[in-house]
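**Q** Okay, predicted coordinates and the sequence, questions at the end:
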Amino acid sequence: MIASPRSAPADAPFPLGTPGRLLLCLCSVLFFRLGFPGGPLPFLAWVCLVPVSLAIHGLSPGRACLWALGSAALGWMASVWWITVGLTQWVRLSPSAAWTCASLFCLYAAIPYALGGGAWALCRQPYRPREALFASAFMTAAVSWFPQIFPGNPAHSLFDHPVPIQVLDLGGVPMLLFILILINRLVSGVIIGWTTRRGALACGFMLILTAGAVLAYGHARVRQIRDAEGRAESHMRLTVAAIQPNIPVPGLDHTAPEDRHNGLHTLFQLSEMASARSPETGLIVWPEIPVSVPCDRIRAEGRSVEELSRDMGRPIMTPCIHREKVEGGLTQYANMAVLIRPDGVVPHPYTKRILVPFSEYLPLEEEIPLLRRIFPGAARYEAGEDMVLVNPPGTDVRVIPTICYESIFTRHVREGVEAGGNLVVNMVDDAWFGPTAASTIHMALGVFRSVEYRIPLVRVTNSGDGVFVRASGEILPGTRTPSFRKATRIRTLPIPGVRSPYARWGDIVLWGLTILAAAGWLRRIADGRKAGAIR
């Protein structure tokens, strides 16, 4: 009798009881947290799945899913617990409700990782490279296609390592995630093959080949992009002044005593100082701030922003809030980005298109009115429909505006690139989350846009982690701003005249990985039926 691949006993690397599996899963949780953006050991992303892979090897797919689900949910909770701070301060939930919502979010975010664990359990011979390829493709497809409010994953741990992230320009985040998971699975295969004496040579060889290819490609692409930046002409260079005013959030006390009275006037003062310090500045950018600023009344100390721009002779790009009354007497809001030009020309404003659910709007509010009672602080913002580029006068630079949350979505930036955009400006206020890793994680998710489309990015914040990012994905030294301090950063960014394969191909790599995963799954079904027929 020939056993089915589903029922055949796996070669466990060593006898594991429940305590041993639990210990290994907790190791993965720890590695996930320490390696996640904001953690001290980002290199752990390359091995964060190894302990849980060893723990679930030999289990049935169903049991493996449950172990992987618990591990991933704990890993997410350890990494993004700060969601509760925003839910209590911004959305005005009670602490217990905030922790409940955060727990449900982490459990939901863990589902594709649980499916990936089940796929790994189907690999009865994980020391064979083809099994690692199948499991990695399956998990990448599950994580990439699964709808998420917050599309982060372990690959974002590498945001500050420009060499390995260069593969983003081939297939976006799914490409980098696949390589990361593949290396984790290959390491697991080497350990299992060595401890069971089944042979680790094939997995080891593929591991070395994969790592070598990623490093070789990364070094070559960084050099190429730097050369392209060096050839950029003057009209494709822009000097940007990023203003960080550190305006305090009402109810939160994380601001230095000297900054507790900061406000709109701080933006005016810092802008004038930046203009005087750098006469070549072609654009001053303000961040989101925790003060509701009407678009038609941006004033401080008796002077309007239009007058400030005219007096300095510099354009200013700033977010603001547009209000209008709607049916029923309610006030509808729109979060906008406007360019204030010194010559008085008023370009069409950009309206934020991707809103933060449960804070800027309530999904299904009309169908479920009870949601308004659960989330009383959720605003009523209206999403914009059109991509509007911002053109600083005197240059051929076309700015793709991203307000806060939008920078983490590649489709939004892709639309801007297809419309002719060649510089991303992200205006952010993460002060609502206090001194947590929230701002660093938010920054990490946005940095990848530079490599995906080979365009620079400027992240301008109210309270820290503002950065200037080259088209190579390298964060310019000295541009990362401190947390909860006033700061100004001025840099000149060249726009290289190149575009990435990802900009042309889109998600073709993800589709290829999805087909690979489906083919592997179908092969296992066919093997199972064949084995059943032989019985």
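**A** Yep, that arrived.
**Q** Pick out the residue nearest the middle of the protein.
**A** Leu445 (2.1 Å; Cα atoms, centre = their mean).
**Q** Pretty sure it sits against Gly152.
**A** Yes - when contacts are counted by Cβ atoms under 8 Å, Leu445 is listed as touching Gly152 (5.7 Å). All C-beta spots, glycine's among them, are computed from the backbone N, C-alpha and C.
**Q** Now do the strand or helix carrying Pro51, average pLDDT.
**A** Taking DSSP states H and E as the definition, Pro51 sits inside helix 50-56. Mean per-residue pLDDT for helix 50-56: 96.
**Q** Give me the contact list for stretch 108-121.
**A** 52-53, 56-73, 75-76, 126, 134-135, 138-139, 142-143, 145-146, 148, 150, 181, 185, 517, 521 (Cβ atoms under 8 Å, 6 or more residues apart in numbering).
**Q** Which of those residues fall in helices?
**A** Among these, DSSP state H puts 52-53, 56, 61-73, 75-76, 134-135, 138-139, 142-143, 145, 181, 185, 517, 521 in helices.
**Q** Name the nearest residue to the residue nearest to the centre of the chain, ignoring sequence neighbours.
**A** Using Cβ to Cβ, 6 or more residues apart in numbering and skipping residues adjacent in sequence, the residue nearest Leu445 is Ile408, 3.9 Å away.
**Q** Restricted to buried residues, select the ones in helices among the contacts of stretch 108-121 in PyMOL.
**A** Filtering the ones in helices among the contacts of stretch 108-121 down to the buried ones (16 or more other Cβ atoms under 10 Å) takes a single PyMOL command:
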select buried, resi 52+53+56+64+65+67+68+69+70+71+72+73+75+76+134+135+138+139+142+143+181+185+517
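**Q** Below-threshold pLDDT in the stretch 401-535 of the chain: ranges please.
**A** The stretch 401-535 of the chain contains residues with pLDDT under 70 at 527-535.
**Q** hmm, try it at 80
**A** 525-535 (pLDDT under 80).
**Q** now the helices for it?
**A** Under the criterion DSSP state H, counting those that start in this stretch, the stretch 401-535 of the chain contains helices at 410-418, 438-453, 501-505, 508-534.
**Q** the inter-axis angle of the longest helix that the chain contains versus helix 438-453?
**A** Longest helix in the chain by number of residues, with DSSP H as the criterion: helix 201-230. Angle of helix 201-230 versus helix 438-453, following axes from the mean of the first three to the mean of the last three Cα atoms, to 10 degrees, is 80 degrees.
**Q** List the buried residues of helix 201-230.
**A** 202-204, 206-207, 210-211, 214, 217-218, 221-222, 225, 228-229.
**Q** Ok, stretch 472-489 next?
**A** Buried residues in stretch 472-489 (16+ other Cβ under 10 Å): 472-476, 479-481, 483-484, 486-489.
**Q** Sort out for me which of those are in strands.
**A** Within those, membership in strands is found for 487-489, as judged by DSSP state E.
**Q** from the residues you listed, which is closest to Glu301?
**A** Using Cβ to Cβ, Thr488 comes nearest to Glu301 of those, at 18.9 Å.
**Q** isn't that closest one right up against Ile243?
**A** Yes - counting by Cβ under 8 Å, Ile243 is a contact partner of Thr488 at 5.8 Å.
**Q** Assign Asn335 to helix, strand or coil.
**A** At Asn335 the chain is in strand, as set by DSSP: H, G, I helix; E, B strand; the rest coil.
**Q** so what's it closest to, chain neighbours aside?
**A** Lys352 (4.0 Å).
**Q** Which pLDDT value goes with Arg6?
**A** Per-residue pLDDT puts Arg6 at 44.
**Q** Phe31 now?
**A** The model reports Phe31 with a pLDDT of 97.
**Q** what's near enough to touch it?
**A** By Cβ under 8 Å, 6+ apart, Phe31 lies in contact with 44-45, 47-48, 51.
**Q** In ChimeraX, select just the buried ones from the residues you listed.
**A** The buried residues among the contacts of Phe31 can be selected in ChimeraX (16+ other Cβ under 10 Å) with this line:
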select :44,45,47,48,51
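**Q** what's the farthest-apart pair in the contacts of Phe31?
**A** Farthest pair in the contacts of Phe31, by Cβ to Cβ: Ala45 and Pro51, 13.2 Å.
**Q** Pull up the overlap in contacts between Leu445 and Gly152.
**A** Listed as contacting both Leu445 and Gly152 by Cβ under 8 Å, 6+ apart are 37, 408.
**Q** quick one: low-confidence ranges for the protein?
**A** For the chain, the stretches flagged by pLDDT under 80 are 1-16, 90-91, 251-256, 324-331, 364-367, 371, 373-374, 376-377, 525-535.
**Q** can you list the domain ranges for it.
**A** Using automatic domain parsing, the domain parsing of the chain gives 18-227+505-534, 232-495.
**Q** residues of stretch 87-95 that come out buried?
**A** For stretch 87-95, a neighbour-count test (16+ other Cβ under 10 Å) marks 87-91, 93 as buried.
**Q** List just the nearest of those residues to Pro494.
**A** Trp90 (37.3 Å).
**Q** check contacts around the closest one.
**A** Trp90 neighbours (Cβ under 8 Å, 6+ apart): 359, 377, 432.
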